[in-house]
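Asks: Below are the sequence and a predicted model; questions follow.
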4 protein chains.
Amino acid sequence: MAKTRARRNVNRLPAERRIQDIMVAARAVFTQKGYGDALISDIAEKAGVVEGSIYRFFVNKRDLLQRVVEHWYEEMLARDDEQFAAVRGAWNQIRFIVRHHLMTIRREPALSRLVFQEFRPEAGYRKTRLFQLNQTYSHRIIDVVKAGVDSGELRADVPLTLVRDMIYGCIEHRTWAFLRNEGTFEIDETADAIADIVYRGLCVRAPEDDKLTLAVQRLEKLADRLERTSER
Amino acid sequence: MAKTRARRNVNRLPAERRIQDIMVAARAVFTQKGYGDALISDIAEKAGVVEGSIYRFFVNKRDLLQRVVEHWYEEMLARDDEQFAAVRGAWNQIRFIVRHHLMTIRREPALSRLVFQEFRPEAGYRKTRLFQLNQTYSHRIIDVVKAGVDSGELRADVPLTLVRDMIYGCIEHRTWAFLRNEGTFEIDETADAIADIVYRGLCVRAPEDDKLTLAVQRLEKLADRLERTSER
Amino acid sequence: MAKTRARRNVNRLPAERRIQDIMVAARAVFTQKGYGDALISDIAEKAGVVEGSIYRFFVNKRDLLQRVVEHWYEEMLARDDEQFAAVRGAWNQIRFIVRHHLMTIRREPALSRLVFQEFRPEAGYRKTRLFQLNQTYSHRIIDVVKAGVDSGELRADVPLTLVRDMIYGCIEHRTWAFLRNEGTFEIDETADAIADIVYRGLCVRAPEDDKLTLAVQRLEKLADRLERTSER
Amino acid sequence: MAKTRARRNVNRLPAERRIQDIMVAARAVFTQKGYGDALISDIAEKAGVVEGSIYRFFVNKRDLLQRVVEHWYEEMLARDDEQFAAVRGAWNQIRFIVRHHLMTIRREPALSRLVFQEFRPEAGYRKTRLFQLNQTYSHRIIDVVKAGVDSGELRADVPLTLVRDMIYGCIEHRTWAFLRNEGTFEIDETADAIADIVYRGLCVRAPEDDKLTLAVQRLEKLADRLERTSER
DNA sequence: GATGAATGAGGATTCATTCAT
DNA sequence: AATGAATGAATCCTCATTCAT
């Protein structure tokens, strides 16, 4: 009954640091193994703590995954915002967002998959913080389209959330092979093509004359470059 | 008339019939419980066979689900083809396909989910028969767009598979809440809106309106921006 | 993923036999270790089955204990009934039941304890089958007292269930030291003393004259012996 | 008047006060949750201390429970003694003690249960202070019976501890349903009935009535039985 | 061919207790 | 003396799959 427990290496760290260590370890393990195959014991070992310590800070394995993914979203949201401000013109902005999302998936395919597979299908998803974060994340496209509408560049009767679903749904479908480790995808080409179709689908007048359209696009890109150049 | 032989209660049915019984039972159980929570024993009981018998005809639980889903696809493919021939015009055809897919999801949300959750994310998906069936299923949109291109109604440079991803991806995103039992969706409105954006995105020219007016407007805006840039 | 499982020693026994084996093993292990410290794996090993097999027949560990204890009660109830018929006279009958219960506890202290500790304190005990069995088991004393009342030997206003509680409660308290492995108890002396007090407490007239009482008791015992002798 | 020193928020209370706080909190939590479900952290929080502090004053969780229960006994013993002196006559005294114990259980069912469930079954119970206290507590009945014997009201050959076991055992059995939150019990009726049976069981003679009549009745019945037996 | 009893691997979780600060 | 973060042991249960009958 009374066992002699040899205690070793009781490292005393501030809670914040511990949480961080655990989340870093968990992110690595979840990324590598997926949710089901990830072991709490692996995560604990990688974080340099004992399994029980994880449960001081996280309700359960699921909660740990959730917090890891939420943190990822928060990082992204914090990091990216400034970039979006720099681009002008609906087409360019749409393309920028598409491109950005494609890069996100390329950079973190495993985490992306976890969102698609583990969280989104789950009943009650809409009540989660992750859903909120995702709404914030994907709301950018809505803002852009709204602005395009306001400026008269895009049609007034555009169903905003449908456009959002179209873009993110398209990208997801486009990247499944990559998410399965079965292929890759061209970021720029895909971004151009998606932006093209959506933009044409939404703009007040379909650009009939190809020459004219291309010329305008070229000029817009030129303007962007000029702007960026002059800002330096 | 009065038969005296009491046969043993062992049903010896033709294999084909057995397989059918099992698949019908499996479809019901998978639909009701999802893959993970479905029990082989439940399926066996419902099919009026013993667990072991299922393994006579199906490699494993996964294979059983696969065959059930494949069968569902085959049914759909066989049933629907005639309908598609009836519709004319690219817009109408796109809308028809979108509407058809929305109705499929509404009719079989559980099976749809199983495809999205269980099969598509799995490594090796591209080598499965289900992938082939899905390609066939979704190829309709490609055929329609191709025809539109050939007839001159749609642009020549349309990236066909991207259009396919856009449409199916959009629909999937649009219906996730419903698939989670958290809401519903409007079939006709959604179909119209999707067809609209995609058609406009692909068609050669806007129905009417003065193209030059538009181009001039845009160039004027551009000029404004350039001016503003150079003023910094 | 596809692991080669080497199957060994697949013993195919009739369910009834398996259940019996498991219950015998479980009874031994529970008796030896108590409920908490008994391991399913120990029971399985002792029964010559794999842990999982236990769950084919028993809902969970608790259910297994319950069934073991129920079985013990059933055994006792089936075995003992005949014996009770043989004794005559309220005093003798009370003494017989007390003695019998004392012997039960001496024979199976561990099982007795499990009933006292694990089941009786549990909310909902009154709805269990074990409670029913216990009622049947302890109802004997009520029948005996009732018969004594009917024959005019015992007072008419005896609170029957209270007598039951008094007898079984007294025995339980008296044997706790033994149940704790801290002592023993005298079966016959205890039985005599309990029967005495209770009998005197219940009989129409307290037997004032000890000589008379003892004489009557001797005569009653004699009658019993004569009856039993003549029956052979 | 305005003190400028902001003391650190570390309460340094006299040990005695700390111990008291902890025991009060522990009693509340144990009462509410039982031993197993009570958490040290809950107790600490309720006591306004930190978990570690509890271990400054108590060896372990068990020890804490023990001290709480011991304290309860001490309270009772100190409080009640005077009352007992007031009652005269064996029957009245027995009834008083029974009634008192029933009220104790009604007032503190949870603590009573903890004694029955946690301490009494434990090996080594007889060596504990709690056992001593319980002996003291239950010794009252022995004193009363002894006094009755000395005064000639009760028989000389009464097995004292058995009477004690009978009374406390009876009460415990009688109140188990209540202890399980499954019912209640009548204090006065129960006390009367128990006192009645025990008193009659112990008293020298039945208050009145013709002893010989009774003896003759019994012998007549016996004769009948002998006749019936010999007829076989 | 059918049966269905037997297999067996595999891991999250709890919480009293300790001890560095 | 007080804190409270860190420890770590310990086990029940599920269910797809197999294979002796």
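Replies: On my side now, so go ahead.
Asks: Enumerate the positions of the longest helix along chain A that are buried.
Replies: Criterion DSSP state H: the longest helix present in chain A is helix A:61-85. Buried positions in helix A:61-85, judged by neighbour count with 16 or more other Cβ atoms under 10 Å in any protein chain shown: A:61, A:64, A:65, A:66, A:67, A:68, A:69, A:70, A:71, A:72, A:73, A:76. All C-beta spots, glycine's among them, are computed from the backbone N, C-alpha and C.
Asks: which one among those gets closest to chain C?
Replies: Using Cβ to the nearest Cβ, residue A:61 comes nearest to chain C of those, at 21.6 Å.
Asks: Give me the phi and psi for the residue lying closest to that closest one once chain neighbours are set aside.
Replies: Excluding its sequence neighbours, the residue lying closest to residue A:61 (Cβ to Cβ, 6 or more residues apart in numbering or on different chains) is residue A:40, at 6.0 Å. Torsion angles at residue A:40 (phi, psi; degrees, to the nearest 10) stand at phi -60, psi -40.
Asks: With the one 10 residues further on instead?
Replies: Backbone torsions of residue A:50, given as degrees, to the nearest 10, read phi -100, psi 150.
Asks: what about it, how many neighbours?
Replies: Residue A:50: 12 surrounding residues under other Cβ atoms under 10 Å in any protein chain shown.
Asks: repeat for residue A:159
Replies: 18.
Asks: Test my guess that it contacts residue B:194.
Replies: No - between residue A:159 and residue B:194 there is no contact under Cβ atoms under 8 Å: 9.0 Å.
Asks: Low-confidence bits of chain A, can you list those?
Replies: Applying pLDDT under 70 to chain A flags residues A:1-9, A:205-232.
Asks: So which bits of it are right by DNA strand E?
Replies: With Cβ under 7 Å from any atom of the strand as the criterion, chain A meets DNA strand E at residues A:5, A:7, A:10, A:12, A:38-41, A:51-52, A:55-56, A:60-62.
Asks: Grab the most central residue of chain A for me.
Replies: What sits nearest the mean C-alpha location of chain A, by Cα atoms, centre = their mean, is residue A:104, with 5.5 Å.
Asks: helix/strand/coil for residue A:156?
Replies: Here residue A:156 is coil, with the state taken from DSSP: H, G, I helix; E, B strand; the rest coil.
Asks: Next up, the contacts around it.
Replies: Going by Cβ atoms under 8 Å, 6 or more residues apart in numbering or on different chains, residue A:156 touches residue A:149.
Asks: What distance do you get for it to residue C:150?
Replies: The gap separating residue A:156 from residue C:150 is 98 Å, by Cβ to Cβ, to the nearest Å.
Asks: now the helices for chain A?
Replies: Under DSSP H, chain A gives helices at A:15-37, A:40-47, A:51-57, A:61-85, A:90-107, A:109-114, A:129-150, A:160-179, A:187-202, A:210-231.
Asks: what residues does stretch A:46-54 touch?
Replies: Residues from elsewhere that reach stretch A:46-54 (Cβ under 8 Å, 6+ apart): A:11, A:18, A:21-22, A:24-26, A:28-29, A:40-41, A:43-44, A:64.
Asks: Okay, now stretch A:114-122: how far is its last residue from its first?
Replies: Counting by Cα to Cα, to the nearest Å, you get 12 Å between the two ends of stretch A:114-122.
Asks: Could you confirm whether any residue of it contacts chain B?
Replies: Yes - interface with chain B: stretch A:114-122 contributes A:116, A:117, A:120, A:121, A:122 (Cβ under 8 Å from any Cβ of the partner chain).
Asks: Please convert the buried members of the residues you listed into ChimeraX selection syntax.
Replies: In ChimeraX, a selection of the buried entries from these looks like this (16+ other Cβ under 10 Å):
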select /A:116,117,120
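Asks: of the residues of stretch A:114-122 next to chain B, closest to chain C?
Replies: For the residues of stretch A:114-122 next to chain B, the residue nearest chain C by Cβ to the nearest Cβ is residue A:117; the value is 18.3 Å.
Asks: do you know how far that closest one is from residue C:184?
Replies: Distance, residue A:117 to residue C:184, by Cβ to Cβ: 65 Å.
Asks: And for residue A:16?
Replies: From residue A:16 over to residue C:184 (counting by Cβ to Cβ), the distance is 62 Å.
Asks: again with residue A:195
Replies: Taking Cβ to Cβ as the measure, residue A:195 and residue C:184 are separated by 91 Å.
Asks: what's near enough to touch the closest residue in space to residue A:174 that isn't next to it in sequence?
Replies: Spatial nearest neighbour of residue A:174, chain neighbours left out: residue B:165 (4.8 Å); criterion: Cβ to Cβ, 6+ apart. The contact partners of residue B:165, taken as Cβ under 8 Å, 6+ apart, are A:169, A:170, A:173, A:174.
Asks: Ok, residue A:38 next?
Replies: Counted by Cβ under 8 Å, 6+ apart, residue A:38 has contacts A:26, A:29, A:30, A:32, A:61.
Asks: same deal with residue A:40?
Replies: By Cβ under 8 Å, 6+ apart, the contact set of residue A:40 is A:51, A:54, A:61.
Asks: OK, contacts around the nearest residue to the first one once chain neighbours are set aside?
Replies: Read it as residue A:51. Spatial nearest neighbour of residue A:51, chain neighbours left out: residue A:44 (4.5 Å); criterion: Cβ to Cβ, 6+ apart. Taking Cβ under 8 Å, 6+ apart, we find residue A:44 in contact with A:22, A:25, A:50, A:51, A:53, A:54.
Asks: From DNA strand E, how far out is residue A:94?
Replies: From residue A:94 over to DNA strand E the distance is 41 Å, taken as Cβ to the nearest atom of the strand, to the nearest Å.
Asks: For that residue, grab the count of nearby residues.
Replies: Applying other Cβ under 10 Å, we find 26 residues neighbouring residue A:94.
Asks: I figured it hits residue A:141, correct?
Replies: Yes - using Cβ under 8 Å, residue A:94 is in contact with residue A:141, at 7.1 Å.
Asks: what is in contact with the two at once?
Replies: By Cβ under 8 Å, 6+ apart, residue A:94 and residue A:141 have these common neighbours: residue A:167.
Asks: Contact partners for the residue in chain A positioned nearest to chain B?
Replies: At 2.9 Å from chain B, residue A:169 is the closest residue in chain A, using Cβ to the nearest Cβ. Contacts for residue A:169 (Cβ under 8 Å, 6+ apart) come out as B:165, B:166, B:168, B:169, B:170, B:171, B:172, B:173, B:174.
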